[in-house]
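Asker: sequence and predicted structure are below.
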There are 2 protein chains.
Amino acid sequence: MRSYDDACGITRALDIVGERWALPVVRELVFGPRRYSDLAAALPGVSTNILGDRLKHLAGAGVVRKRRLSPPAAATVYELTPWGAALEPALIALGAWAAHTPVDLEQQAFSPASFALSLKTTFDAAAARDADLRVQFVMGHDEFDARIEDATFTIGRIHDSAGMFDAVHEESSRAAGAGPTRVHADPKTLAAVIYGGLDPVAAVRAESARIEGMPSTVASFVQCFTLPEPPKEGSS
Amino acid sequence: MRSYDDACGITRALDIVGERWALPVVRELVFGPRRYSDLAAALPGVSTNILGDRLKHLAGAGVVRKRRLSPPAAATVYELTPWGAALEPALIALGAWAAHTPVDLEQQAFSPASFALSLKTTFDAAAARDADLRVQFVMGHDEFDARIEDATFTIGRIHDSAGMFDAVHEESSRAAGAGPTRVHADPKTLAAVIYGGLDPVAAVRAESARIEGMPSTVASFVQCFTLPEPPKEGSS
DNA sequence: CGGCATCCGGGAAGATACTG
DNA sequence: CAGTATCTTCCCGGATGCCG
């Protein structure tokens, strides 16, 4: 294993998570355990051997942990250890730094976890000062619950294993007008709505999104996220 | 140039600074411009072609800028652009994350910039609540000025080009008892003092350090920096 | 089908030597 | 001092195959 052999904290961090695909894998695990095939699907560029290598190395370093779920759902999942989860501020900082670099949503990948993390990096507490909102995002099989409250933002994955009861429960709640507003769309469409100024109602008309609940809630939600200013090229 | 082809901010950041040695180079530039040979000396593990490649790529990406100094000091230096300087929070976050990983000061490199950055990541505002201190660190030709004031910490490189006047000025000030306390030692010794509990006075006796000014100031300074707790291996 | 291990080509990283 | 050129090594990436 190649090391920087440097006592600096940054290089020691890079010795562990500096290999190619290591941090993208961590990104996919930030919101909870994922199966091998989930990771492969969310990271279409990584080949299977590299994914296996990274998971093995990260597990050996104590960043990631492999866990076998109990019998009913006999799957093996990977999850962050507490120390691995502590990488989130570094991920946020890196994401915020690159916020203004060019994006090609047509050709590039964009996973649900990437979208959820991007909300964390672009949340504008000032713009959300008086907001009290709850929106759920449904991206294929990935569901996230986002809340804006007291000028703070939280988002988490909705646990869908054995979720039949929940689904029925939520469905009936919404029918009664009590459930959260839910937006069904793929991550790229959601990014276009939040960051590209795409009108959510227009996205619904184009059938690239579906909204259960109040579109006005979605519109208010969008206002709470702003991309940072690109740096002007003055002197250092 | 190899890309993750992912619209996520993290992967876009890694497309730019994810290559090997890119972030260590940025680390060395955080406190101001450095010459090619300065970088090579501070990063003993990097070979000259890689260093050249990285500087070229980082310059092309707008992270780093190459500048030729005016005639008297006819040197070419590399410096961070404003956008490159904005990487500092990410560096701090990474360094903080790796703070508890094992270190071998005997065999590993440790540059003056690494030491200065480590102070930024381990500053304990609570411990420094009532402190008002100024200490200068002299590590070979690298000099840093550190201040603790109003529970905030600042550190910067002391510009030594054409610094003869300053040197004389500061020397006479200290003779009058007005100059800041200065600690002469190499970065590893300073790390042992700050993080390893090495008594500064003992270091002076062992002739691995020299203190101009008040040793008690150094002792107070040390108290303002603490390593974070290692994470306990509980559940995620 | 999920979870890898294996094989191999291309390309980045590393060491060294050399030049303006 | 500030790099470039060359060569070697090893990691990455893609395809394929194995195995529960």
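Answerer: Cool, got the structure. Numbers count the residues shown, from 1 in each chain, chains lettered A, B, ... in the order given.

Asker: now do the contacts for A:Ala99.
Answerer: A:Ala99 is in contact with A:121-122, A:227-228, B:9, counting by Cβ atoms under 8 Å, 6 or more residues apart in numbering or on different chains. Where C-beta positions appear, they are placed from N, C-alpha and C, glycine not excepted.

Asker: quick one: which of those residues has the most company?
Answerer: B:Gly9 (27 neighbours; other Cβ atoms under 10 Å in any protein chain shown).

Asker: per-residue pLDDT, that one?
Answerer: Note on B:Gly9: pLDDT of 96.

Asker: not counting sequence-adjacent ones, nearest residue to it?
Answerer: Once flanking residues are discounted, B:Gly9 sits nearest to A:Gly95: 3.2 Å by Cβ to Cβ, 6 or more residues apart in numbering or on different chains.

Asker: ok, how many other residues are close to that neighbour?
Answerer: The burial count for A:Gly95: 23, using other Cβ under 10 Å.

Asker: also A:Asp5?
Answerer: Neighbour count of A:Asp5, defined by other Cβ under 10 Å: 14.

Asker: quick one: pLDDT of the closest residue to it other than its chain neighbours?
Answerer: Spatial nearest neighbour of A:Asp5, chain neighbours left out: B:Gln108 (5.1 Å); criterion: Cβ to Cβ, 6+ apart. B:Gln108 is assigned a predicted lDDT (pLDDT) of 94.

Asker: which one is the residue nearest the centre of chain A nearest to, not counting chain neighbours?
Answerer: By Cα atoms, centre = their mean, the mean C-alpha position of chain A lies nearest to A:Ala113, the distance being 2.4 Å. In space, and not counting its chain neighbours, A:Ala113 is closest to A:Glu28: 5.1 Å by Cβ to Cβ, 6+ apart.

Asker: contact partners for that neighbour?
Answerer: So A:Glu28 contacts A:34, A:38-39, A:42-43, A:111, A:113 (Cβ under 8 Å, 6+ apart).

Asker: in JSON lines, list the residues you listed along with pLDDT, secondary structure and distance to B:Met214.
Answerer: As requested, the contacts of A:Glu28 are exported to JSON lines (pLDDT from 0 to 100; DSSP: H, G, I helix; E, B strand; the rest coil; distance: Cβ to Cβ, whole Å):
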{"residue": "A:Arg34", "pLDDT": "93", "secondary structure": "strand", "distance to B:Met214": "55"}
{"residue": "A:Asp38", "pLDDT": "92", "secondary structure": "helix", "distance to B:Met214": "59"}
{"residue": "A:Leu39", "pLDDT": "94", "secondary structure": "helix", "distance to B:Met214": "56"}
{"residue": "A:Ala42", "pLDDT": "94", "secondary structure": "helix", "distance to B:Met214": "57"}
{"residue": "A:Leu43", "pLDDT": "94", "secondary structure": "coil", "distance to B:Met214": "55"}
{"residue": "A:Ser111", "pLDDT": "96", "secondary structure": "coil", "distance to B:Met214": "56"}
{"residue": "A:Ala113", "pLDDT": "97", "secondary structure": "helix", "distance to B:Met214": "52"}
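
Asker: which ones, among those, also lie beside DNA strand D?
Answerer: Counting by Cβ under 7 Å from any atom of the strand, nothing from the contacts of A:Glu28 sits close to DNA strand D.

Asker: got phi/psi on the residue of chain A found nearest DNA strand D?
Answerer: Going by Cβ to the nearest atom of the strand, DNA strand D is nearest to A:Ser47 of chain A, at 3.6 Å. Main-chain dihedrals, A:Ser47, degrees, to the nearest 10: phi -90, psi 160.

Asker: what number of residues lie near it?
Answerer: 11.

Asker: likewise A:Ala126?
Answerer: If you count neighbours by other Cβ under 10 Å, A:Ala126 ends up with 8.

Asker: ok, it to A:Phe153 distance?
Answerer: 12 Å (Cβ to Cβ, to the nearest Å).

Asker: same thing with A:Pro231?
Answerer: With Cβ to Cβ as the criterion, A:Pro231 and A:Phe153 are 24 Å apart.

Asker: the more surrounded of these two?
Answerer: A:Phe153 (20 against 15).
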